[in-house]
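J.: Sharing a model that was predicted from the sequence below.
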Amino acid sequence: MKTSILKLFGIIFILLFIAGGCVTKPAVSNQPPLAPSNPNPQDNATNVPITVTLSWTCSDPDGDSLKYDIYFGDTETPQLREENYTSTTYTVENLNYNTTYYWKIVAKDGKGGVKSGPIWSFTTVSEGTIIPVFKDSFENNKTNNESQYTSPYYQETISSVRGITFTQGVVGDGVHLDALNSYICYSTSYINPTEGTIMFYFKPDSNMYEFYQNLESHKGGFLIDTVGWLDAFSGAFFIAAWCDGENHNNFWSGTWSGYGWSYAYTDPIYTLSPDKFYKIAFTWSQTQEKIKLYLDDELIAEANYNTALNNEQLFFIGHNPFQNYWPYGARSLMGTYDELEIYDVALEF
């Protein structure tokens, strides 16, 4: 009897095992990609060059590799231009001037998941418009530079950024220098040595005057810099602002010829509001024989042109960090920066 019961249990176990193996497990559902986002140029951007690299970001919840269909054209219903494209950058060339273009990205995961982004648009520049040879808008929490740089002059290799956070800019995203030793590094290769403009927007922190006036010395900081306190190479340049102890600041800029500085500077007559972005531009021109400094399109200082600017070294938003800021310490001008542009002509404002 006992043997029969054991046999019965054995048969039941085998039947349950077989039955369990025949149960179809539920299929894991495929999730579609997320919608493409963060377009560059930004949606509704203007003055876009007639050759431009489109870019976007996109990801898949399942980690699937994605391919993209690119729709592009000058009508509000853009036509398919590229299918099964694998990169998130795409260059379009020889566009028409002063024309609005529309584009859309459709992401595909290869497993039936498809997700379309919205239709974005931008308008190209008018013919004859002067456009920058370099621009950093800080959009999508990115800076337009390499990950690290080596200074040919100071023989040091550094990270391209230090101590920054992304925040609201004058247009879209901007970048904030968080500390005295914060900086963003760029190559000067975009610089036209004998004629050009560096332009950007700056918004001071609410405690700028209190903070810098309480420093023991050098009560201000560099907005744009190449050499800081160090030995200068020929063609070095800078823009700085220094406080007078009474909630005012001046603006100071200059170029180094190898024999001396040419300074364009103001008296400490400015009180900057933490609620406003200020447009700052520095120009140099061998033809005009002048370097000039502008604030909100107003000429505030000028000096004699004394040298071609160097285009083989590095420059910074903030203070040049080489040799550990010897001898006076770090002096970046903390605040929010946006829309850095370099032109190969000396603009008039």
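T.: Yep, it's here.

J.: Tell me where the stretch 51-200 of the chain has helices.
T.: For the stretch 51-200 of the chain, helices defined by DSSP state H, counting those that start in this stretch do not occur.

J.: which non-adjacent residue is nearest Gln31?
T.: Nearest non-adjacent residue to Gln31, counting by C-beta to C-beta, 6 or more residues apart in numbering: Pro61, 4.3 Å away. For every residue, glycine as well, the C-beta is placed using N, CA and C.

J.: So what's the residue count around that neighbour?
T.: When neighbours are defined as other C-beta atoms under 10 Å, Pro61 has 12 of them.

J.: where does it sit relative to Ala107, distance-wise?
T.: According to C-beta to C-beta, to the nearest Å, Pro61 and Ala107 sit 12 Å apart.

J.: what's the answer for Ser159, then?
T.: From Ser159 over to Ala107 the distance is 32 Å, taken as C-beta to C-beta.

J.: likewise Ser147?
T.: According to C-beta to C-beta, Ser147 and Ala107 sit 27 Å apart.

J.: The two: who's more crowded?
T.: Set Ser147 next to Ala107 and count neighbours by other C-beta under 10 Å: Ala107 wins out with 24 against 8.

J.: just checking, the more buried one touches Ile70?
T.: No - counting by C-beta atoms under 8 Å, Ala107 sits too far from Ile70 to count as a contact (10.8 Å).

J.: intersection of neighbour lists for these two?
T.: The contact sets of Ala107 and Ile70 do not overlap (C-beta atoms under 8 Å, 6 or more residues apart in numbering).

J.: returning to that earlier point: list residues touching both of Pro61 and Ala107?
T.: In contact with both Pro61 and Ala107: Pro33, Leu34, using C-beta under 8 Å, 6+ apart.

J.: quick one: secondary structure of Thr287?
T.: Under the three-state scheme (DSSP: H, G, I helix; E, B strand; the rest coil), Thr287 adopts coil.

J.: Low-confidence ranges, the stretch 1-150 of the chain, go.
T.: Scanning the stretch 1-150 of the chain for pLDDT under 70 picks out 1-27.

J.: list the contacts for Trp56?
T.: Pro36, Ser37, Asn38, Pro39, Asn40, Thr88, Ile105, Gly117.

J.: any idea how far it is from Trp120?
T.: According to C-beta to C-beta, Trp56 stands 9 Å off from Trp120.

J.: With Pro41 instead?
T.: Note on Pro41: its distance to Trp120, by C-beta to C-beta, is 8 Å.

J.: Glu339: what's it in contact with?
T.: Counting by C-beta under 8 Å, 6+ apart, Glu339 has contacts Lys135, Asp136, Ser137, Gly169, Val170, Val171, Met199, Phe200, Tyr201.

J.: now swap in Lys290 and tell me
T.: Neighbouring residues of Lys290 by C-beta under 8 Å, 6+ apart: Thr283, Trp284, Glu302, Ala303, Asn304, Tyr305.

J.: now Thr75, nearest residue through space, not along the chain?
T.: Tyr102 (6.6 Å).

J.: Repeat that for Thr51.
T.: Distance criterion C-beta to C-beta, 6+ apart; nearest residue to Thr51, sequence neighbours excluded, is Glu93 at 4.5 Å.

J.: For the stretch 151-300 of the chain, which residues score under the pLDDT cut-off?
T.: Answering for the stretch 151-300 of the chain: no residues sit below the bar, that is pLDDT under 70.

J.: Tell me where it has strands.
T.: 157-159, 161-162, 164-168, 173-177, 183-187, 195-204, 220-225, 237-242, 252-256, 261-265, 278-285, 290-295, 298-304 (DSSP state E, counting those that start in this stretch).

J.: what about those strands, which gets the closest to Gly329?
T.: strand 220-225 (10.7 Å; C-beta to C-beta).
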